[in-house]
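S.K.: here is a sequence with its predicted model. Questions after.
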Amino acid sequence: MSGRIDIGRGPDGQSIGIDLAELLATRLLVQGNSGSGKSHLLRRLLEECAGLVQQIVIDPEGDFVTLADAFGHVVIDAAAFSPREIEALALRVRQHRASVVLALDELEVEQQIRCAALFLTALFDAPREHWYPALVVVDEAQMFAPAAAGEMNDEVRRMTLAAMTNLMCRGRKRGLAGIVATQRLAKLAKNVAAEASNFLMGRTFLDIDMQRAADLLGMDRRQAERIRDLQRGQFLGLGPAISRRPVAVDVGAVRTAGRGSGQGLIPLPEAAEGAMAALLTDRLTEAAAQPQPVRRAPPPPQPRADVEQALAAPRALPELPPAAPLPEPEPALAPPPRPAADGPLQAEPGDEAGGACDCESVVRELALAEGATFRPAATLFRDFAIRCRQHRVASAHVDLARFRRMFAFAVTGLDRLGAEARAGIERAAEGVEDDLLAPYLAILIAASTGRPMPDEAELGRLYGSASPSRVRRLLDHLERQGRIVVREDFGGERSISVPALPEAA
């Protein structure tokens, strides 16, 4: 098997190739404006060395997934996997030497960057026994190694810069050879670009990019004008794997095509006068009324400082009806018996209102009130005692701890389930902190009955918080306790299973 692959022809028709063994040791940087032929060049390189070396493609636009049809690459749809699964996939890719395309096109930009960073870091951290040679192609590298922060989250930027720097600076000893392609050298982090020893420079027009490209190719300012005159698919190459002197190359043909490849000029459809306008406006109102298709659920929003401050502000409590005057106690009335701890409350014998109202009814009335879950437990307990006196319901046997459990049962609807289902859910919820009980019960009820899991807004309502970050911390806490297992993919879709109810997980 030859270690040299052909990528095109020079000015005199001679073959221009790349020494694959040298490329693995020295890395490659490709630069060119949009439409200069960067993706075509990368595709030519990947096709020519397919089967000779493992290939790992970070593909933000989904252009390279067609390699799977002709060369057997495995396409990893990043949006379908959670962060932990992405890391596990990267380790298996190194272990089994699989050629893969990590397709990021279904993710938002920041999620693309985070996913690629996790994947590259896991490739870099693979065990030493899996350090096989592999080409790692990163298209649109200015996204993953930006020269400036821009609007990217600081944590994400540090993560992706570390991953790209490790790939280009320290990847060689681990068998990873980085090939990065960018539209603009000025937007690419210098410590990433500087680690490449081979260069293929395509057409560019901005002076700053032309000057940097000329400096890398060892050309003076006058010769740099050649970069502006290059045609689509023409590149200037230099490096130990290509040529010791700058050489022009016309990239050869490819056997596969990207999904977004243009088809050139196509004649416009012919239509009679007014027919095209009618076609555009026909039943337009009905079409506008249809719900817009959502590609994927958006990730949970980040909490904002003003929201947190608003939540911390004191809340106005709803006014309660005036309490009725207390009746005179009857001497013959004996204190009501105490039911078994945590058992369901029944109407008290001898209670004159027992047939119409009991403690559970009063708690249910409180739980159904708008905004009840956002009120402090002590305030709710005070209202409970007042309403019990109004309805002449004995409540001395219900303390604050028992009231909080009764309130959680009522607000989640557990008290309306059958006895058998309720008993199983109560057993699974034993030991859960009182302030976490309501959202956890809602998860248990959904898992037990087969209903959809409560979304973030519903969990926040039951938890008494409108902060998405607090809801996520709640789920993290329950997961650390081993009470739930949360799986969230990069598309923002979350699923929750309950180990305590294996039959419904």
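M.R.: That came through fine.

S.K.: so where's the stretch 401-505 of the chain uncertain?
M.R.: 491-492, 502-505 (pLDDT under 70).

S.K.: V57 sits in which helix or strand?
M.R.: Per DSSP states H and E: V57 is located in strand 54-59.

S.K.: could you point out which element follows that strand?
M.R.: Heading C-terminal from strand 54-59 (DSSP H and E), you reach helix 67-71.

S.K.: give me the residues contacting the strand holding V57.
M.R.: Applying Cβ atoms under 8 Å, 6 or more residues apart in numbering, the contact partners of strand 54-59 are 46, 49, 64-65, 67, 73, 93, 97-105, 116, 119-120, 123, 132-139, 144. Every C-beta, even on glycine, is put in place using the N, C-alpha and C of the backbone.

S.K.: now the buried members of those.
M.R.: Among the contacts of strand 54-59, those classed as buried by 16 or more other Cβ atoms under 10 Å are 46, 49, 64-65, 67, 73, 93, 98-105, 116, 119-120, 123, 133-139, 144.

S.K.: which ones among those residues map onto strands?
M.R.: V100, V101, L102, A103, A134, L135, V136, V137, V138 (DSSP state E).

S.K.: let's have those residues in TSV, adding distance to M201.
M.R.: Conversion of these to TSV gives the following (distance: Cβ to Cβ, whole Å):
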residue	distance to M201
V100	28
V101	25
L102	26
A103	27
A134	25
L135	20
V136	21
V137	17
V138	17
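
S.K.: S34: which of those residues is nearest?
M.R.: Of all these, S34 sits closest to V138, with 16.7 Å by Cβ to Cβ.

S.K.: what sits against the closest one?
M.R.: By Cβ under 8 Å, 6+ apart, the contact list for V138 reads I58, A116, F144, M164, L167, G178, I179, V180, A181.

S.K.: what residues sit buried inside the strand or helix carrying G8?
M.R.: If you go by DSSP H and E, G8 is part of strand 4-9. Residues I5, I7, G8 are the ones in strand 4-9 that count as buried (16+ other Cβ under 10 Å).

S.K.: nearest to L29 among those?
M.R.: I7 (14.8 Å).

S.K.: separation between the closest one and F381?
M.R.: 76 Å (Cβ to Cβ, to the nearest Å).

S.K.: what does R4 give?
M.R.: Following Cβ to Cβ, the distance that separates R4 from F381 is 81 Å.

S.K.: mind listing the strands the strand holding V57 pairs with, and their directions?
M.R.: Applying DSSP bridges to the sheet, strand 54-59 is found paired with strand 100-103 (parallel), strand 134-138 (parallel).

S.K.: quick one: contacts for L206?
M.R.: So L206 contacts R184, A186 (Cβ under 8 Å, 6+ apart).

S.K.: to clarify, my last question referred to A213.
M.R.: Q31, L185, F199, M201, T204, A224, I227, L236.

S.K.: residues of whichever strand or helix holds D476 that come out buried?
M.R.: For D476, the host element (DSSP H and E) is helix 468-480. Of all the residues in helix 468-480, those buried under the rule 16+ other Cβ under 10 Å are P468, R470, V471, R472, L474, L475, L478.

S.K.: so after that helix, what's the next helix or strand?
M.R.: strand 485-488.

S.K.: rewinding a little: quick one: which of the contacts of A213 is nearest L89?
M.R.: Among those, Q31 lies closest to L89 (Cβ to Cβ), at 29.7 Å.

S.K.: only C-alpha atoms, please: export whatever helix or strand R244 lives in in CSV.
M.R.: Using DSSP H and E, R244 maps to strand 243-251. Presented in CSV, the C-alpha positions along strand 243-251 are these (Å, rounded to 0.1, in the frame of the first residue of the first chain):
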residue,chain,number,x,y,z
SER,A,243,6.4,20.2,-1.1
ARG,A,244,9.5,22.0,0.2
ARG,A,245,8.6,25.0,-2.0
PRO,A,246,5.2,26.6,-2.6
VAL,A,247,3.4,24.7,-5.3
ALA,A,248,0.1,25.4,-7.0
VAL,A,249,-2.5,22.6,-7.2
ASP,A,250,-5.8,22.1,-9.0
VAL,A,251,-7.8,19.7,-6.7
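
S.K.: just want the angle from it to strand 4-9.
M.R.: 60 degrees (axes from the mean of the first three to the mean of the last three Cα atoms, to 10 degrees).

S.K.: how about the strands in the protein?
M.R.: Under DSSP E, the chain gives strands at 4-9, 15-19, 28-31, 54-59, 74-77, 100-103, 134-138, 176-182, 198-201, 234-239, 243-251, 485-488, 494-497.

S.K.: in TSV, list these along with distance to I386.
M.R.: Converted to TSV, those look like this (distance: least, Cβ to Cβ, whole Å):
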stretch	distance to I386
strand 4-9	83
strand 15-19	83
strand 28-31	74
strand 54-59	63
strand 74-77	57
strand 100-103	60
strand 134-138	66
strand 176-182	69
strand 198-201	79
strand 234-239	81
strand 243-251	82
strand 485-488	40
strand 494-497	37
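
S.K.: quick one: which of these is nearest A408?
M.R.: Closest among the strands of the chain, once you apply Cβ to Cβ, is strand 494-497, at 18.0 Å.

S.K.: parallel or antiparallel, which strands does that closest one pair with?
M.R.: Here, using DSSP bridges, strand 494-497 pairs with strand 485-488 (antiparallel).

S.K.: just the CA coordinates for the partner strand, please, in PDB.
M.R.: Extracted in PDB, the C-alpha atoms of strand 485-488 (Å, rounded to 0.1, in the frame of the first residue of the first chain):
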ATOM      1  CA  VAL A 485     -31.500   8.600  36.200                       C
ATOM      2  CA  VAL A 486     -31.500  11.600  33.900                       C
ATOM      3  CA  ARG A 487     -30.500  11.400  30.300                       C
ATOM      4  CA  GLU A 488     -30.400  14.600  28.300                       C
END
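
S.K.: what are the contacting residues of that strand?
M.R.: So strand 485-488 is contacted by S82, P83, L475, D476, E479, R494, S495, I496, S497, V498, P499, A505 (Cβ under 8 Å, 6+ apart).

S.K.: re the thing from before, what angle do the strand holding V57 and strand 176-182 make?
M.R.: Using the same axes, to 10 degrees, strand 54-59 lies at 30 degrees relative to strand 176-182.

S.K.: how distant is strand 54-59 from the center of its chain?
M.R.: Offset of strand 54-59 from its chain centre (Cα atoms, centre = their mean, to the nearest Å): 20 Å.

S.K.: circling back: ok, the contacts of A213 vs A369, which is closest?
M.R.: Closest to A369, out of all of the contacts of A213 and judged by Cβ to Cβ, is L185, at 62.3 Å.

S.K.: I'd say the closest one and V192 touch.
M.R.: No: L185 lies out of contact with V192 (Cβ atoms under 8 Å); the separation is 10.5 Å.

S.K.: what number of residues lie near S467?
M.R.: Neighbourhood size, S467 [other Cβ atoms under 10 Å]: 17.

S.K.: that older thread, of the strands paired with strand 54-59, which approaches S395 most closely?
M.R.: strand 100-103 (60.5 Å).

S.K.: on that earlier part again, let's have the strands paired with strand 54-59 in JSON lines, adding mean pLDDT and distance to P454.
M.R.: Formatted as JSON lines, the strands paired with strand 54-59 follow (pLDDT from 0 to 100; distance: least, Cβ to Cβ, whole Å):
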{"stretch": "strand 100-103", "mean pLDDT": "94", "distance to P454": "31"}
{"stretch": "strand 134-138", "mean pLDDT": "95", "distance to P454": "39"}
